[in-house]
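Participant: just the structure for this:
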Amino acid sequence: MLSRFSTCTLFGIEARAVEVEVDISPSALPRTVLVGLAEAAVRESTTRVERALVNSGYSRPVDRVVINLSPADLPKDAASLDLPIALGLLASDGQITELPGRNVVYVGELALDGSLRPVRGVLSMALAARDAGRSHIVVPAANAREAAVVEGIDVISAGTLAEAVGFLTGELVLEPVVFSWQTARDDYGRYDIDYVDVKGQEMGKRAAMVAAAGCHHILMIGSPGTGKTLLSQRLCTILPELEAEESLETTRIYSAVAQLESGQPLLLRRPFRSPHHTISEAGLVGGGSIPQPGEISLAHNGILFLDELPEFNRRTLEVLRQPLEDQTVTISRALGSVTFPANVMLVAAMNPCPCGFRGDPRRACCCTPQQIERYLSRISGPLLDRIDIHIEVPPVPFRELSDQTAGTSSAEMREQVISARRRQQLRFRGESVRVNGKMRPPQIRRHCRLQSDAEQLMKSAMEDMGLSARAHDKILRIGRTIADLADNEQIEVAHLSEAINYRTLDRSYWQV
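Facilitator: Predicted coordinates for the structure are as follows:
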């Protein structure tokens, strides 16, 4: 007897539809055959499923069983197929009868006792099921809130195989899970850090606000303990809230690699990823025989923080150049190509020299010019050119550390950032660009025109500092953001001057 059940499997972060066909031949030699390009996790499922059936009170088929996973040329590497395989075995063996008229997708991993365990990528699967016109999706109870984020499809929570069978046969009524965005924002959308905790460093806060307002990449240079990491970690607190579409995009990535916190339905805070400097190229941009996203994709719609930037392998850093420009990562393998989103704001921090005290007024630097040059040369010029803002973070004087007066708070900075972002949304209405930091040359020509005095200042800066054409465009983008923060339609000399100051490290630190 033949039965068919619909499910999904992951390829990268995308969910692909899979049909599980189970056929049982009573007169054939007892044997279980699994076909359909199944990887190890799926090949091992037959034994697991059979014991789950027995421990749930059902009988294990003792005839010849053929399980086909269609399409046959799609790799399948997930335990999420356990539930539809189990249901197919029961239906083909005549132990259950499916309620007619159902248009359901079944997803779940089975434990030996018949309980359903959570699986990766449920959000993508729910989206794929809805887009395919399915009416319901049955998922493990631990994944139910995550899947319920998707509108237009009823999400059924099942804790055990018996509950899934009851829903399938109509003997058990299970109500769809309801999701509330407001409740989720209250539970998971708040930050427990604030810029008010950072003593002094008002210039650093200003640079961080400019970076956040225009989504500009930023590099902080300073001695150990000056507050570079504190400034970087709090950048997320001044960025606008994740929009619903952005939240779904980012959550899909975390769901596909099983990095959502237990019980959390989706991400409502912008991600902040801080990989160690020993990370590999594949760890940073993604890889694997079946491609998986790397740290730059996990930071999608958020911040990728690279602390101790020169300590990273230079070749590893170079793979960032294309994703920072294109905002995507494409990984090609024999089985196919996968494109991961990578719209990130790069925040980096580094010491000015190997010992860390070059330029520190309180401690002497013990590095030779050759050591400093070797240290700084670990960062290539092309990568440095892609970082919009370079800023020195000096040591904080004692009077500022001991001052009990509250500094600028994240709420104050965020209000200005949101105001500047609104101006950009109006400016780029109908265009693919949404923020100043992502402007292409056509947008720069339209929206960053300079008056004669500002143009003369730009000319002098280019000649004196030897800036590249890319640095020229970066300065215009930053100047546009500073003007937006000042609620000014025109880029004035003061705005351009501040923008140029954020590029002075091209000269002062890269010339030993």
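
Participant: how many residues are close by Arg445?
Facilitator: 11 (other C-beta atoms under 10 Å). Just so you know, the C-beta spots here come from the backbone N, C-alpha and C atoms, and that holds for glycine as well.

Participant: need phi/psi at it.
Facilitator: Here is the backbone geometry of Arg445 (degrees, to the nearest 10): phi -60, psi -40.

Participant: and the one 5 residues further on, by the same measure?
Facilitator: Main-chain dihedrals, Leu450, degrees, to the nearest 10: phi -110, psi 150.

Participant: who's in contact with it?
Facilitator: If a contact means C-beta atoms under 8 Å, 6 or more residues apart in numbering, then Leu450 has Met458, Leu476, Ile491, Leu496 as its contacts.

Participant: pairing partners for it in the sheet, please.
Facilitator: With DSSP bridges as the criterion, Leu450 is bridged to Ile491.

Participant: can you tell me how far it is from Leu457?
Facilitator: Here Leu450 is placed at a distance of 8 Å from Leu457 (C-beta to C-beta, to the nearest Å).

Participant: mind listing the shared neighbours of the two?
Facilitator: Common neighbours of Leu450 and Leu457 (C-beta under 8 Å, 6+ apart) are Leu496.

Participant: in helices only, show me the contacts of Leu450.
Facilitator: Residues of the contacts of Leu450 located in helices (DSSP state H): Met458, Leu476, Leu496.

Participant: of those residues, which is the nearest to Asp326?
Facilitator: Nearest to Asp326, judged by C-beta to C-beta, of the ones in helices among the contacts of Leu450 is Leu476 at 20.5 Å.

Participant: residues near that closest one, how many?
Facilitator: Neighbour number of Leu476 under other C-beta under 10 Å is 23.

Participant: contacting residues for it?
Facilitator: Here Leu476 is in contact with Ile444, Cys448, Leu450, Met458, Ile491, Ala499 (C-beta under 8 Å, 6+ apart).

Participant: which member of those is positioned nearest Ala40?
Facilitator: Among the contacts of Leu476, Ile444 lies closest to Ala40 (C-beta to C-beta), at 50.8 Å.

Participant: sticking with that closest one, tell me its helix or strand.
Facilitator: Element membership of Ile444, judged by DSSP states H and E, is helix 441-447.

Participant: Glu21 too?
Facilitator: Short version, using DSSP H and E: Glu21 is in strand 14-25.

Participant: ok, Leu284 next?
Facilitator: With DSSP H and E as the test, Leu284 turns up in helix 281-285.

Participant: could you report the neighbour count for the nearest residue to Gly288 once chain neighbours are set aside?
Facilitator: Leaving aside its sequence neighbours, Gly288 sits nearest to Ala282 (C-beta to C-beta, 6 or more residues apart in numbering; 7.1 Å). Other residues lying near Ala282 total 15 when counted by other C-beta under 10 Å.

Participant: measure Ala282 to Asp77 for me?
Facilitator: Applying C-beta to C-beta to Ala282 and Asp77 gives a distance of 17 Å.

Participant: try Phe167
Facilitator: From Phe167 over to Asp77 (counting by C-beta to C-beta), the distance is 27 Å.

Participant: which of the three states applies to Gly101?
Facilitator: coil (DSSP: H, G, I helix; E, B strand; the rest coil).

Participant: quick one, what contacts Leu2?
Facilitator: Contacts of Leu2 by C-beta under 8 Å, 6+ apart are Glu21, Val22, Asp23, Ser92.

Participant: so the third one bridges to which residues?
Facilitator: What that stands for is Asp23. According to DSSP bridges, beta-bridge pairing links Asp23 with Leu2, Val66.

Participant: doesn't Asp63 make contact with it?
Facilitator: No. Asp23 is beyond contact range of Asp63, at 10.0 Å (criterion: C-beta atoms under 8 Å).

Participant: Ser460: neighbour count?
Facilitator: Ser460, neighbours per other C-beta under 10 Å, totals 11.

Participant: what do you get for the one 10 residues further on?
Facilitator: With neighbours defined by other C-beta under 10 Å, the count for Arg470 comes to 14.

Participant: that one - that's part of a helix, no?
Facilitator: Yes. Assessed by three-state DSSP, Arg470 belongs to a helix.

Participant: what residues are up against it?
Facilitator: Asp385, Arg386.

Participant: just the pLDDT for it.
Facilitator: Predicted confidence (pLDDT) for Arg470: 79.

Participant: measure it to Cys448 for me?
Facilitator: Applying C-beta to C-beta to Arg470 and Cys448 gives a distance of 14 Å.

Participant: Pro441 now?
Facilitator: Distance, Pro441 to Cys448, by C-beta to C-beta: 10 Å.

Participant: next one: Ser115
Facilitator: Going from Ser115 to Cys448 by C-beta to C-beta gives 59 Å.

Participant: next secondary structure after the host helix or strand of Leu89?
Facilitator: Assigned by DSSP H and E, Leu89 belongs to helix 82-92. Next helix or strand after helix 82-92 toward the C-terminus (DSSP H and E): strand 104-106.

Participant: run through the neighbouring helices and strands of that following strand.
Facilitator: Counting contacts by 3 or more C-beta pairs under 8 Å, 6 or more residues apart in numbering; DSSP states H and E, strand 104-106 packs against strand 2-11, helix 82-92, strand 136-140.

Participant: can you redo those as TSV with distance to Val344 and mean pLDDT?
Facilitator: Shown next, in TSV, are the helices and strands packed on strand 104-106 (distance: least, C-beta to C-beta, whole Å; pLDDT from 0 to 100):
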stretch	distance to Val344	mean pLDDT
strand 2-11	22	93
helix 82-92	35	96
strand 136-140	30	97
